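Q: any chance you could fold what I've pasted below:
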Amino acid sequence: MYHAVATDPNDATRALSVTPEAFATQMALIADRGLTPVTTAALAAAWRGEGPLPRRPVLITFDDGYEGVHRYALPVLAAHGFPATVFVTTGWLRGPYDTGGALDTMLDWDQARELAAAGVEIGGHSHTHPQLDQLGDGRLRSELIHGKEIIADQVGTVPVSFAYPYGYSDRRVRRAVRETGYAQALAVGNALARRRQGPYALRRVTVRRSTGPEAFARLVQGHAITRAYARDRALTKGYAVVRGARRLGGRLRPAPSGTRGAGVADDGR
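A: Numbering: from 1, shown residues only. Next comes the predicted model:
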């Protein structure tokens with residue numbers, strides 16, 4: 001799971017960004033190790049029995065829709081012939097639906113269409129990037145439906161894959177995602193995706209600016225993931241308890257500054 005690919009990101013996105021050079025090195029390592037990237041839709045379809053998976057499949061995903069995905073990541077993906085999935089927050093992309101809440105420079109819709117034309121799956125990530133499990137039913141469905149309709153209108157294909165903002169979901173959110181027409185959805189969890197997780201809670205591992213080549217090699221080999229993300233998991237579990245308690249008494253306040261996207265929020269900005 002990637003976010004921004006940027007040489008000089010701002011403070012809000014720096015920790016969850018990677019440099020263009022690091023991204024190129026990581027994609028070369030995936031190629032050298034003989035892994036075969038697939039889109040989220042292709043993985044889920046294969047697990048539903050709609051076709052075989054290639055040997056050693058891997059997902060390459062980007063959340064939010066930062067401009068560097070087009071500027072820096074797309075040429076590298078194209079050079080390797082790698083598909084990927086970009087989950088866009090429709091109210092953050094530059095253009096007619098921009099709500100002004102973006103954390104850094106985002107894609108515009110021409111760039112999103114160019115990504116799609118190059119074989120990148122465009123998935124949903126809500127419209128304004130709220131904590132979905134803290135919304136009432138009406139607002140929850142509005143976030144899901146509005147974002148989906150905008151993607152369909154702007155890109156020309158109806159999105160079938162979704163990623164939860166901040167990684168947050170619960171049974172009600174997952175049901176709403178399914179009923180909205182998404183066929184699969186990704187969380188974070190910092191663990192390998194397994195079929196037993198079900199199509200609406202597939203896990204991913206976070207790639208950060210601090211993820212060096214050796215650590216990345218271990219991740220794509222599936223080695224030492226539990227140890228590498230032990231702190232993230234502890235924070236996520238602790239905050240889940242807090243969220244549940246606060247939900248009983250009213251809407252949850254936002255995560256403290258410095259914890260968004262750093263494990264407490266399941267590392268899924």
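Q: where do the helices of the chain begin and end?
A: With DSSP state H as the criterion, the chain has helices at 20-32, 40-47, 68, 74-80, 109-117, 137-155, 171-179, 213-221, 225-228, 230-249.
Q: and those as a markdown table, adding distance to Arg204 and mean pLDDT?
A: Quick note: C-beta positions are derived from backbone N, CA and C, even for glycine. Formatted as a markdown table, the helices of the chain follow (distance: least, Cβ to Cβ, whole Å; pLDDT from 0 to 100):
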| stretch | distance to Arg204 | mean pLDDT |
| --- | --- | --- |
| helix 20-32 | 14 | 98 |
| helix 40-47 | 10 | 95 |
| helix 68 | 19 | 98 |
| helix 74-80 | 17 | 98 |
| helix 109-117 | 19 | 98 |
| helix 137-155 | 19 | 98 |
| helix 171-179 | 16 | 98 |
| helix 213-221 | 10 | 91 |
| helix 225-228 | 11 | 73 |
| helix 230-249 | 12 | 52 |
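Q: of those helices, which is nearest His3?
A: helix 68 (9.4 Å; Cβ to Cβ).
Q: so which of the helices of the chain is the most packed in?
A: Ranked by mean neighbour count under mean count of other Cβ atoms under 10 Å, the helices of the chain are led by helix 68, which reaches a mean of 26.
Q: picking that back up, so can I have a markdown table of the helices of the chain showing distance to Ala193?
A: Shown next, in a markdown table, are the helices of the chain (distance: least, Cβ to Cβ, whole Å):
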| stretch | distance to Ala193 |
| --- | --- |
| helix 20-32 | 15 |
| helix 40-47 | 7 |
| helix 68 | 25 |
| helix 74-80 | 20 |
| helix 109-117 | 22 |
| helix 137-155 | 22 |
| helix 171-179 | 15 |
| helix 213-221 | 13 |
| helix 225-228 | 11 |
| helix 230-249 | 16 |
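Q: nearest spatial neighbour of Leu103, chain-adjacent residues omitted?
A: Once flanking residues are discounted, Leu103 sits nearest to Ala12: 4.3 Å by Cβ to Cβ, 6 or more residues apart in numbering.
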